[in-house]
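[1] Have a look at this prediction, sequence included:
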Amino acid sequence: MATSKTTAWTVKDDRRYDTRHHWVKTGERLLTVGITDYTQDTAGEILYVALPEPGTTLVQGKPFGSIESGKWVGQLYAPCDGTVIAANDQLAQEPDLLNRDPYQTGWLIKMAASSEDAWENLLTPDAYREHLAGLDEPGNG
Amino acid sequence: MANRWRLLDLGPLPAWRQMALDAVVIRHRAQGKTPNTLRFMQFQPHAALVGYHQALSREIHQDVAHRLGIELGRRITGGGAIYMDARQLGWEICLGQEVDALSVDPDAVYRTLSEIVVQALKRWDIPAQFRPVNDVEVKGRKISGTGGVQWDSAFIYQGTLLVDFDVATMLQVLKLPIEKLTDKVIRSFQERVVTMAELLGQAPPMMEVKAAIIEALERVLDVELVPGVLTEEEEQDWLTSQESYRQPDWIDRRRPPHPDYRLVEVAYKAPGGLMRAALQLDESRQRIQRAFITGDFFVEPHRAVLDLEAELKDAPMQVGALQQRIHRHYAAGPKYLGVTEEHWMNLLRKALMTDPARDSSGHTGGLIAHGDA
């Protein structure tokens, strides 16, 4: 969803991003994926979340789940190829965790990436900040 | 020159074919293969449709639907369960994200789209207005609702317009906060919605309603609508995918841990009169799914009760959160006689304190609690 808002959305330095406003954090073996402050802010109060079962194959850029707010359904897109290892079950009962704590307890899935290059292909925090800044410019969206 | 959009009007179709076509049209728009599109939707046979994330078991009386020949379906858009028959007009626009007139936040998008309905109804001098978040009302009674979905770089915004409406059938097939379907309950729900037929004495011809929406959309979004057809590729995609939209894998895909909502009915005697609330509680999400408020107290304007129901929809089942919503409702200025914010909280506290173990789940036998002010 495009926006005309000129808010400074929080972008954490300890992870990477994609242009669809997901964050990706790397651990020893797994990547953790979530939505950014931008998504939770522009979506409004999130009421439903649908996430994939562990074992689901993820294809970069293809939907793996969905969120709903105010009768609006938005898709969640895989930031890279891989396999779902775990989904955040707590979100089924507390979807508003995505609004309250999108970068920590509101994580979506943990995944194993198919390629070691996955991390390198994501946006750095500064590149994502630039991407967000571009959204605020008139005519962009 | 105005942008040219495609107009699709395939006439009445079964729900599963309509839902499949939604997915086809948005996918092809996202791939840049088709233009922005206005599509009219009419349902034959009549259908009960749940929103994308809803569970069939919680929203629809499936035995009633089966007995009345009502098809079941799942939308790709969000929002609540709806009942659609050939007397209502569904309409949707499918567009890429570059449409300037809609490059704003979601609230503003809904407001703009609702303006299309408001403008269309002016043809009959019907004084409609936007009702946040995404409805259109006439003197407090809902006549149109909208919902949406995003797929990659494309969006669908859907709306319904109550040209005419069979409230009695809707009340039978949808699971609403109703303990027993009495004439009084039917009348009360009828007060919450209004149709063009009721306002005008008879339903206008559907072609005229469509023409009014086309004209209004062209004006509000500054586009030109050109009657069109599906592309060959869309046709093929539709043919191969539509069958899956009538299979349980799609329609019944959401199976929540609690297959039904818990229905709670509470009453509270305030100085201004008796207040009653029937609430559907979603215990999985700890939210009030839907509220139905009645009573013999006085409030001006009368529609304040409907506004309060809207405030309570999807509200967390927590005292603090409910206090905030009640306070916000009073801040909007309704004038209750002898009914204060605290009285509403006393009523809602009763609902929250009902014991699930003592209360039947679903729709047979809620708990009535009475209290004194």
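    Yep, it's here. What you are looking at is a predicted structure, and each value in this text was computed from that prediction instead of being measured.
[2] which residues sit in contact with the nearest residue to B:T34 once chain neighbours are set aside?
    Nearest residue to B:T34, sequence neighbours excluded (Cβ to Cβ, 6 or more residues apart in numbering or on different chains): B:H28, at 4.6 Å. From N, CA and C alone the C-beta is placed, and that goes for glycine too. Neighbouring residues of B:H28 by Cβ atoms under 8 Å, 6 or more residues apart in numbering or on different chains: B:T34, B:T231, B:E233, B:E234, B:D237.
[3] From B:D135, how far off is B:H28?
    29 Å (Cβ to Cβ, to the nearest Å).
[4] in the chain, what spans have low per-residue confidence?
    I went with chain A, as the question did not name one. Chain A contains residues with pLDDT under 70 at A:1-7, A:28, A:136-141.
[5] Please refer instead to chain B.
    For chain B, the ranges with pLDDT under 70 are B:1-2, B:98-106, B:355-373.
[6] Which positions in it make contact with chain A?
    B:51-53, B:76-80, B:97-98, B:100, B:102-110, B:133-134, B:145-152, B:155, B:254, B:284-287, B:314, B:316 (Cβ under 8 Å from any Cβ of the partner chain).
[7] let's go with 7 Å and repeat that
    Within reach of chain A by Cβ under 7 Å from any Cβ of the partner chain, chain B has these residues: B:52-53, B:77-79, B:97, B:103-106, B:133-134, B:147-151, B:284-286, B:314.
[8] Just give the number of residues close to residue 89.
    Defaulting to chain A. Here the number of neighbours of A:D89 (other Cβ atoms under 10 Å in any protein chain shown) works out to 8.
[9] my bad, chain B
    22.
[10] can you pull out the helices in chain A?
    Listed in chain order, the helices found in chain A under DSSP state H are A:37-43, A:90-93, A:97-100, A:125-136.
[11] Could you list every helix and strand that the second one packs against?
    The helices and strands touching helix A:90-93, judged by 3 or more Cβ pairs under 7 Å, 6 or more residues apart in numbering or on different chains; DSSP states H and E, are helix A:97-100.
[12] what comes up buried for the helix it packs on?
    For helix A:97-100, a neighbour-count test (16 or more other Cβ atoms under 10 Å in any protein chain shown) marks A:L97, A:L98, A:N99 as buried.
[13] Could you check how far that helix is from the centre of its chain?
    In this view, helix A:97-100 has its centroid 12 Å away from the chain centroid, taken as Cα atoms, centre = their mean, to the nearest Å.
[14] Using PDB, write out the CA atom coordinates for it.
    This file holds the C-alpha atoms of helix A:97-100, laid out as PDB (Å, rounded to 0.1, in the frame of the first residue of the first chain):
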ATOM      1  CA  LEU A  97       2.100  -8.300  18.300                       C
ATOM      2  CA  LEU A  98       2.900  -7.300  14.800                       C
ATOM      3  CA  ASN A  99       1.900  -3.800  15.600                       C
ATOM      4  CA  ARG A 100       3.400  -3.700  19.100                       C
END
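[15] what sits up against it?
    Applying Cβ atoms under 7 Å, 6 or more residues apart in numbering or on different chains, the external contacts of helix A:97-100 come out as A:I35, A:Q40, A:E45, A:I46, A:V49, A:I67, A:Q90, A:L91, A:T105, A:G106.
[16] again with stretch B:308-325
    A:47, B:281, B:286-288, B:290-293, B:328-329, B:345, B:348-349, B:352.
[17] ok, now with 8 Å
    By Cβ under 8 Å, 6+ apart, the surrounding residues in contact with stretch B:308-325 are A:45, A:47, A:96, B:131, B:279, B:281, B:286-293, B:326, B:328-329, B:341, B:344-345, B:348-349, B:352.
[18] which residue ranges form the strands in the stretch 101-250 of chain B?
    For the stretch 101-250 of chain B, the strands defined by DSSP state E, counting those that start in this stretch cover B:128-131, B:135-138, B:141-151, B:154-161, B:223-227.
[19] Hmm, I typed the wrong one, I wanted chain A.
    A:16-17, A:22-26, A:31-35, A:48-50, A:57-58, A:63-69, A:72-77, A:82-87, A:109-113 (DSSP state E).
[20] For these, give me JSON lines that also has distance to B:A120 and mean neighbour count.
    Output for the strands of chain A, formatted as JSON lines (distance: least, Cβ to Cβ, whole Å; neighbours: other Cβ atoms under 10 Å in any protein chain shown):
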{"stretch": "strand A:16-17", "distance to B:A120": "42", "mean neighbour count": "22"}
{"stretch": "strand A:22-26", "distance to B:A120": "39", "mean neighbour count": "21"}
{"stretch": "strand A:31-35", "distance to B:A120": "36", "mean neighbour count": "23"}
{"stretch": "strand A:48-50", "distance to B:A120": "31", "mean neighbour count": "22"}
{"stretch": "strand A:57-58", "distance to B:A120": "43", "mean neighbour count": "18"}
{"stretch": "strand A:63-69", "distance to B:A120": "27", "mean neighbour count": "22"}
{"stretch": "strand A:72-77", "distance to B:A120": "22", "mean neighbour count": "23"}
{"stretch": "strand A:82-87", "distance to B:A120": "43", "mean neighbour count": "19"}
{"stretch": "strand A:109-113", "distance to B:A120": "43", "mean neighbour count": "21"}
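[21] out of those, which comes closest to B:V163?
    For the strands of chain A, the distance to B:V163 is smallest for strand A:72-77, at 25.0 Å, taking Cβ to Cβ.
[22] Go ahead and name everything in contact with the closest one.
    So strand A:72-77 is contacted by A:1, A:18, A:20, A:22, A:35, A:39, A:43-44, A:51, A:61-68, A:108, B:52-53, B:76-78, B:106, B:147-152 (Cβ under 8 Å, 6+ apart).
[23] If any of those are buried, put those into a ChimeraX selection.
    Of the contacts of strand A:72-77, the buried ones can be selected in ChimeraX as follows, counting by 16+ other Cβ under 10 Å:
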select /A:1,18,20,22,35,39,43,44,51,63,64,65,66,67,68,108 /B:52,53,76,77,78,106,147,148,149,150,151,152
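[24] who does the residue nearest to A:A127 when sequence neighbours are not counted bridge with?
    Distances taken as Cβ to Cβ, 6+ apart put A:Y17 closest to A:A127, at 7.5 Å, once the chain neighbours are dropped. Assessed by DSSP bridges, A:Y17 has beta-bridge partners A:W23, A:L123.
[25] Identify the residues contacting A:Y17.
    A:V11, A:W23, A:V24, A:T36, A:L122, A:L123, A:T124, A:P125, A:A127, A:Y128, A:H131.
[26] again with B:Q54
    B:R74, B:G80, B:A81, B:R254.
[27] so B:E283 touches B:V264, yeah?
    No - using Cβ atoms under 8 Å as the test, B:E283 is too far from B:V264 to be in contact (10.7 Å).
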